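K.L.:
please find the sequence and the predicted model below.
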Amino acid sequence: MKVQQEQHGAVMVVSATGRVDSSTAKTFENAVIGAIGAGDCQLLLDLGGVDYMSSAGLRVLLMAAKRAKAGGGRFVLCSLNPRVQEVIEIAGFTSVLDIRTDRAGALADW
Amino acid sequence: MATLAMTLQADPDEINRMRAELEAFAERQALPEDALFRLTLVLDELLTNAMDYAFAGIARPEIRLRIEVENNRLMACLRDNGRPFDPFREAPDPDLDAPLEQRRIGGLGLHFVRSMMARADYRREGEWNVVELKMRLDDTPA
């Protein structure tokens, strides 16, 4: 699992690559929650390179969304692989997460 | 009937070894990719759960996995010699309609097991927790 950060204007883009499971979730959590900070963030999480996510990763997404909402920030996901989309749907998270098709579209609408 | 049997230690690295063996088995048996994904996720969740909760105070933790494939049906049996623990009774289904603030962190792994398998049953057998999973390998929804 690898995580990279880059700034696009006001938006921080975090892109993750690899598998997010119980053995890598801590790395994922540190990067995502670190970027959320106090919640007053403008954060786009690009999951295009993530081909597997277990509940250990979904836990981080939920924590991030809660913090961003509480802190008045914005937390958006984009470029979900079909497997990751499937687990997010089964978890019932599509109604509580802001999910966009791709990075360019997400940034254009920001 | 094709069978995969393995014994695992209570070490999180063993989940990666299980995954590699499962992928090789799936390739030999030409299992559908979607079935492999679901089974990998479900076993990942159950093994993570067992390693987190089952083995406190157990002298020689051991986990055994056996998978059988026959005529488009797959059966997986996961046994551990941890303390008695029924994962399905201890984890109620999450509320999928609740607003963000009320969503619980946790309980989702077992929700995946129930959602992705046609059957998932727990029983205690002597010193062993036994979870039996069944899924279909064709396109019929579970």
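P.N.:
Perfect, thanks for sending it.

K.L.:
okay, CA-based contacts and neighbour counts for the rest of this
P.N.:
OK.

K.L.:
strands of the chain, start to end?
P.N.:
This is for chain A. A:2-8, A:11-20, A:42-53, A:74-78, A:98-100 (DSSP state E).

K.L.:
wrong one, I was asking about chain B
P.N.:
With DSSP E as the criterion, chain B has strands spanning B:2-8, B:63-70, B:73-80, B:119-125, B:128-136.

K.L.:
nearest to residue B:92, out of those strands?
P.N.:
For those, proximity to residue B:92 was assessed by CA to CA; strand B:119-125 is nearest, at 14.3 Å.

K.L.:
send the alpha carbons of the closest one over as CSV?
P.N.:
Extracted in CSV, the C-alpha atoms of strand B:119-125 (Å, rounded to 0.1, in the frame of the first residue of the first chain):
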residue,chain,number,x,y,z
ARG,B,119,-25.0,-19.5,4.0
ALA,B,120,-22.8,-18.7,7.0
ASP,B,121,-23.3,-20.8,10.1
TYR,B,122,-21.5,-21.1,13.4
ARG,B,123,-21.2,-24.0,15.8
ARG,B,124,-19.0,-25.0,18.7
GLU,B,125,-17.5,-28.5,18.3
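
K.L.:
list the helices and strands that strand packs on?
P.N.:
Secondary structure elements in contact with strand B:119-125, counted by 3 or more CA pairs under 8 Å, 6 or more residues apart in numbering or on different chains; DSSP states H and E, are strand B:128-136.

K.L.:
given the strand it packs on, what are its sheet partners and their directions?
P.N.:
Sheet pairing of strand B:128-136 (DSSP bridges) gives strand B:73-80 (antiparallel), strand B:119-125 (antiparallel).

K.L.:
surely residue A:75 and residue A:65 touch.
P.N.:
Yes. Using CA atoms under 8 Å, residue A:75 and residue A:65 qualify as a contacting pair, with a distance of 6.2 Å.

K.L.:
what does chain A put close to chain B?
P.N.:
Along chain A, the residues adjacent to chain B under the rule CA under 8 Å from any CA of the partner chain are A:22-23, A:54-55, A:59, A:62-63, A:65-66, A:83, A:87, A:90-93, A:95-96.

K.L.:
quick one: which of those sit in helices?
P.N.:
Using DSSP state H, the members of the residues of chain A next to chain B that fall in helices are A:55, A:59, A:62-63, A:65-66, A:83, A:87, A:90.

K.L.:
I'd like these laid out as CSV, including distance to residue A:15, neighbour count and pLDDT.
P.N.:
As requested, these are arranged in CSV below (distance: CA to CA, whole Å; neighbours: other CA atoms under 10 Å in any protein chain shown; pLDDT from 0 to 100):
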residue, distance to residue A:15, neighbour count, pLDDT
A:55, 19, 26, 95
A:59, 17, 17, 95
A:62, 17, 20, 96
A:63, 17, 19, 95
A:65, 16, 24, 97
A:66, 20, 20, 96
A:83, 17, 16, 96
A:87, 19, 22, 96
A:90, 23, 16, 94
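
K.L.:
show me what contacts residue A:51?
P.N.:
Neighbour list for residue A:51: A:17-19, A:81, A:83-84 [criterion: CA atoms under 8 Å, 6 or more residues apart in numbering or on different chains].
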